[in-house]
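Student: Generate a structure from the sequence data that follows.
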Amino acid sequence: ESGKVRYYPGLVDEVVEDKERAARVVHVSKGEGKKGAEAPRRAEFIAKTVTMSTGHNRDVLKYDEGEDPLWQTAFGLEISLPNHNWDPNKAVFMDLSQADDEESATSDLLRVPSFLYVLPDKDKVFIEETLLISKTQVPFDELKRRLYRR
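Tutor: Purely as a prediction, here's the structure:
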């Protein structure tokens, strides 16, 4: 536990709205505690914000009726690149310049904005194309294509 963020290893059984508490109740089970200690069979957490990081594998989840959840997707690489042009003391966060101009877009996927992260080191660079949030699922191949175009 660090500050107000809590890590609890386990499987989320359900997330339900609690209108009285103006929060979400998260039920978690079958976790394994730190250092191999067995976690309780079922735990309950109250949270105002719940974030699920399921990536592209949504087939394992069951959703209630209503709007589909939004997507966040990223594709990144760590590459060995001696003598690169980036300052190793400066990271690039959320470079929103687009790999394709809007006139050349041939697909709705090309119109979903993404951004670039660059985390340079002396002889290595981590680069990542990220789609922050979208109703449209953008495949990894599209993010990879955008990253390579940059």
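Student: ranges for the strands of the chain?
Tutor: Using DSSP state E, the strands of the chain run over 11-18, 23-29, 42-47, 71-80, 92-95, 115-120, 124-134.
Student: just checking, what packs against the third one?
Tutor: Put plainly, it is strand 42-47. Counting contacts by 3 or more C-beta pairs under 8 Å, 6 or more residues apart in numbering; DSSP states H and E, strand 42-47 packs against strand 23-29. Bear in mind the C-beta positions are built from the backbone N, C-alpha and C, glycine included.
Student: again with the fourth one
Tutor: Of the remaining helices and strands, those touching strand 71-80 by 3+ C-beta pairs under 8 Å, 6+ apart are strand 124-134, helix 140-149.
Student: Show me where the chain dips below the pLDDT cut-off.
Tutor: Applying pLDDT under 70 to the chain flags the ranges 1-10, 30-41, 51-69, 99-110.
Student: Which residues does stretch 111-125 contact?
Tutor: 76, 78-82, 84, 86-88, 90-98, 102, 105, 126-132, 134, 136, 138, 143, 146-147, 150 (C-beta atoms under 8 Å, 6 or more residues apart in numbering).
Student: Just the buried residues out of those residues, in PyMOL syntax.
Tutor: Those of these that count as buried under 16 or more other C-beta atoms under 10 Å are selected in PyMOL with:
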select buried, resi 76+84+98+127+128+129+130+131+138+143+146+147
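Student: I'd guessed Leu132 sits against Gln72; true?
Tutor: Yes. With contacts counted by C-beta atoms under 8 Å, Leu132 reaches Gln72, the gap being 6.1 Å.
Student: how close does the nearest residue to Leu116 once chain neighbours are set aside get to Leu143?
Tutor: Leaving aside its sequence neighbours, Leu116 sits nearest to Asp95 (C-beta to C-beta, 6 or more residues apart in numbering; 4.1 Å). For Asp95, the distance to Leu143 (C-beta to C-beta, to the nearest Å) stands at 14 Å.
Student: Check Arg42 too.
Tutor: For Arg42, the distance to Leu143 (C-beta to C-beta) stands at 37 Å.
Student: Ok, Ala22 next?
Tutor: 36 Å.
Student: Arg111 now?
Tutor: Remark: distance between Arg111 and Leu143 (C-beta to C-beta) = 14 Å.
Student: what sits up against stretch 83-101?
Tutor: Contacts of stretch 83-101 (C-beta under 8 Å, 6+ apart): 110, 113-122, 125, 129, 145-147, 149-150.
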